[in-house]
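*Asks:* Sequence and computational prediction follow.
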Amino acid sequence: MLKLLLSCLLLFAPLHPLLAIEKTCSFNQTTQETLALEELEGPKEIQFTKWTLKNTGDKIVKNLFVTVNSSREQRAQTLKNDLQSKDLWECWNKYHLEARESLIYAPLSADYISVPTRQVPSKCKSLREYYLHGKWHLINHIDNVVYVGLDNHSIVGYEEIADDPLLALRTKIMQKNDVHSIEQPHFHFATFDIFPEDFEGEDPEEKVLIHPIQEGYTLYPGESLTFYAEKRMEQTFDIKERFSDSKSFQFLPREYLNHVSNHTDGTIYVHYNKELRPLEIAPNQIQTFVMGVPFQSCLIEAPDSTQGTIVCGANCKSLETFNPGLNEIYLNADSNASLLDFKLDYEIYEFKYPFHIVNPSQTFDYVSPVFELEAMYQFTTPPIIQWQISDKKDFSHLIPNLSQTEEYKSKISLSVTDQSFLNPGQTYYFRVRPLGARWSPIFEFTINKPASVDPSFKILGEGQYEISWTAHPDSDVTYYVFASNHFDFIPSMYSEEIHCLFEERSGVPFCIPIVLQKTKENSIQIGTDYAFYRVVVEKDGQYSTPSSLIRVYDYGLSIPRDVLQTVTDAEGNHHVERVAFPPAYPHLEELMSASSAKLHFHSDYYAYNPHVDANVWNNMVPYFLPENHPVKPKLDRLFRKRVTQNKQTLKKAGFTEPEPKRFSKTIVSKNKKIPGYIFKFFHDEQKDIQDARNCLRRVTGAISVQEALNRYNINHLFVVPKKYIYPLPAHPSPTETSYRKNFVVVENELDIYTGKENNKMWKSPVINPITLTWTFWLLQELGLNDSPYSFNMPITRDGRIAFVDTEHHHKWPVPFEKLWPFLTPEMGSFWKNLCQQHGF
């Protein structure tokens, strides 16, 4: 491999420079000067060798920090703009995101940033995620990998991966020259702890800190500073000048200390570690330091009367970039009352692109993308090439699967898995190069393939369910529906062969059996055989990006499910095993354990809470949030902390309206981390509240309304949100002076009008004799005595009346007159007559 790489680099390296040039300018008590370089025509480029800044005056220059074509202040503003306009992955690659003791400043960057971070629940790997723009982003710095959502652009966090394993399973996490495989991502995903015992689910205050660079360089008269293209730098120190005030001085490398050269007439002493004796360097000797330990400073001493210079070298992050034409050079020093000479050495080369992309079309119309290369050189040995695809022309946003290294071939194709990261109709950019050489011209392209669908799950009846989605505009498509009881299953088209590995110790199967159903319809009816579904659209052998994961759930429904996880045995060794999901219902645990004897079981999430009366608990159990409901794992993680303690903890946990309502004292709130749901509950510092009774009434009321809507076949006129009870875990407990609450009502959010808009809709044609007649009978039959108000029966945006407050039901009499003020005069008269006809 090394021989192949060297031959490749030699093959594509420029043979001879056309020109070797030295350009100079002087700073005569100024901090900004210009330097003009040649304007280039044709296939030419500038390659910089080094630049040197020397203090030729008689004054000391402090806090020197050379930048080109922008000042430090301008770069700081650019950083702020980037944080507002760019995603975290782009910022990660451009700036430092987290302050660490061993991470020292890049000498030529403007600033670096620090954002809130937290530990990811994981076995075997220490992973962190970072908080920016109101969400967490998991950046696997160990493998230099990010995980992308099914929109194929957004960087996701641990919780998204824990809720949909495909986000990790389709991601290439190996080295760039490794081909994506199914096994490796599965073992990698298994390190994520899907059932964490502890989780810091609260969002931090979004505080982005922009840290200023540490103090710049100091140049005494006669001293110089040199930066080389090889990402290293040297500073020359004049002993006579330095030792005029003191017999020692400090060198502060921004990266690793590389070497110290003694060009004096005496021995010098280098103190770089307080625990070690100082290092002695004889005259005309050089001491090279082994890479690996960053020396953030070193103290240099020399005997009296020592004459000469000392050169200290260090690694650095990058070299400032100069452009053809006019360039502005900024010293960024505190001030400059001296004379400084600047010298730039560079060479001009003529180059030839190693490859051209010669595809006859820039659109892949229902065909797999294949990029045809024309090599501009004759190969004696096929080179190693690197190719990239990005949705940004500057390639600042790269997905791991779309940045790969492989042996040269004239046609580069993408695997089906890699194609899942491409969206139909979106513009993408492709480039390729021999490893370490120049990139080819950029090839712009689009693909036509089926768009993905967004399925919804619906309960039809006992044990009967429907998955449906909006029909694709192209009637020629076929819908592939995949099902499994393995949480980490993968649609079969993403694997060229079935991988069936067996964990040697337990014999647990690694393979993922799935069921495939093909249909031309935009819905299917299902039963209780499988817990997880996913839909992929196909046409002419081209597949859409997979849909999100669909979960099958219902009151009391328990389907055995499992997932690959890393478990720890008694000796502390890690093993990958299939782990059963914890059953939500205690009476089913024994049955599930017997049928899944080979699976490792976690503790029961809905175990009896000893702080609740046993009779009360048993009455609540039938209405508990189903164990496979999509919101349940989010709540399990959220309530690992006692977030219901008070208004402050609720707000920190993401609840948007933690203030109790004035009359009912109920907290009715959304949670910004769990969109699409409304939560109704009480916090632990509220007195004289029977939360179990309140929650049970709300849920049974909603069930009664839904039963009536089904019985009268009027779901097209009315709607009631599905409501469940989530039992709070016994631990952690609230404070001793609190009034423990044990339950939360979870209901799906309806798309309703509110406030003045809703009052206006109650005077629209939606409210007519038919809807008012049915409203009357529903209120009376179900005794909904707190519902005859527009705000408790808002209008949905699809034109239905919603029963959102179902706490008070089967209570008579119903105050029908309360609804009259919200009606038009005509409908008000109709309502009044209707009530009178029936004796109200």
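*Replies:* Received, thanks.

*Asks:* Need phi/psi at the residue lying closest to F251 once chain neighbours are set aside.
*Replies:* The shortest distance from F251 to any non-neighbouring residue, by C-beta to C-beta, 6 or more residues apart in numbering, is to C312 (4.4 Å). To be clear about C-beta, it is placed using only N, CA and C from the backbone, and glycine gets the same treatment. When read as degrees, to the nearest 10, the backbone of C312 gives phi -110, psi 130.

*Asks:* What is the burial count for C312?
*Replies:* 21 (other C-beta atoms under 10 Å).

*Asks:* That one contacts Q235, correct?
*Replies:* Yes. Taking contacts as C-beta atoms under 8 Å, C312 lies within contact range of Q235: 5.4 Å.

*Asks:* Give me the pLDDT value at the residue nearest to F251.
*Replies:* C312 carries a pLDDT value of 92.

*Asks:* Residue ranges of each domain in the protein, please.
*Replies:* Here the domain parsing of the chain from automatic domain parsing is 16-71+215-350, 72-211, 355-448, 456-566, 614-837.

*Asks:* Now do the shared contacts for C312 and Q235.
*Replies:* F251 (C-beta atoms under 8 Å, 6 or more residues apart in numbering).

*Asks:* what about W92, which helix or strand?
*Replies:* helix 88-94 (DSSP states H and E).

*Asks:* Only the buried residues of that helix, if you could.
*Replies:* L88, W89, E90, C91, W92, K94 (16 or more other C-beta atoms under 10 Å).

*Asks:* go on, stretch 687-707?
*Replies:* Buried residues in stretch 687-707 (16+ other C-beta under 10 Å): 689, 691-692, 694-706.

*Asks:* And for stretch 297-307?
*Replies:* Buried, per 16+ other C-beta under 10 Å, within stretch 297-307: C298, I300, E301, A302, T306.

*Asks:* Then stretch 78-86?
*Replies:* Buried residues in stretch 78-86, counting neighbours by 16+ other C-beta under 10 Å, are found at L79, D82, L83, K86.

*Asks:* Next: stretch 326-339.
*Replies:* Result for stretch 326-339 [16+ other C-beta under 10 Å]: buried residues N327, I329, Y330, L331, N332, A333, N336, S338, L339.

*Asks:* give the contact list for the nearest residue to N792 once chain neighbours are set aside.
*Replies:* In space, and not counting its chain neighbours, N792 is closest to D805: 4.3 Å by C-beta to C-beta, 6+ apart. By C-beta under 8 Å, 6+ apart, the contact list for D805 reads D786, S787, N792.

*Asks:* For E749, see how far away the second one is.
*Replies:* Okay, so that is S787. S787 sits at a distance of 19 Å from E749 (criterion: C-beta to C-beta, to the nearest Å).

*Asks:* ok, the two, which is more surrounded?
*Replies:* It is S787, of S787 and E749, that has more neighbours when counted by other C-beta under 10 Å, with 26 against 14.

*Asks:* The more buried one against L779, yeah?
*Replies:* Yes. With contact defined as C-beta under 8 Å, S787 and L779 form a contacting pair (6.0 Å).

*Asks:* what's the overlap in contacts for the two?
*Replies:* Residues touching both S787 and L779 (C-beta under 8 Å, 6+ apart) are V814.

*Asks:* So what's the residue count around the closest residue to L331 other than its chain neighbours?
*Replies:* Of all residues not flanking L331 in the chain, T31 sits nearest, at 4.4 Å (C-beta to C-beta, 6+ apart). Residues lying near T31 (other C-beta under 10 Å) number 17.

*Asks:* Which residue ranges of the stretch 701-840 of the chain form strands?
*Replies:* 718-719, 723-727, 743-748, 801-802 (DSSP state E, counting those that start in this stretch).

*Asks:* ok, the nearest residue to P675 once chain neighbours are set aside - contacts?
*Replies:* Excluding the flanking residues, the one nearest P675 by C-beta to C-beta, 6+ apart is E749, at 7.9 Å. E749 makes contact with K670, P675, G676, Y677, I678, P721, according to C-beta under 8 Å, 6+ apart.

*Asks:* With W774 instead?
*Replies:* Y712, I714, L717, F718.

*Asks:* Quick check: chain neighbours aside, which residue is closest to the first one?
*Replies:* So that's Y712. W774 (7.3 Å).

*Asks:* Next, give me the two most distant ones among the buried residues of helix 88-94.
*Replies:* Longest distance between any two of those is 10.7 Å, between L88 and K94; criterion C-beta to C-beta.

*Asks:* list the helices and strands the helix holding W92 packs on?
*Replies:* Packing contacts for helix 88-94, counted by 3 or more C-beta pairs under 8 Å, 6 or more residues apart in numbering; DSSP states H and E, involve helix 72-85, strand 128-132, strand 135-140.

*Asks:* The second one: partners in the sheet, and parallel or antiparallel?
*Replies:* It refers to strand 128-132. Applying DSSP bridges, strand 128-132 is found paired with strand 117-119 (antiparallel), strand 135-140 (antiparallel).

*Asks:* how near is E757 to R797?
*Replies:* The separation that E757 has from R797, given C-beta to C-beta, amounts to 10 Å.
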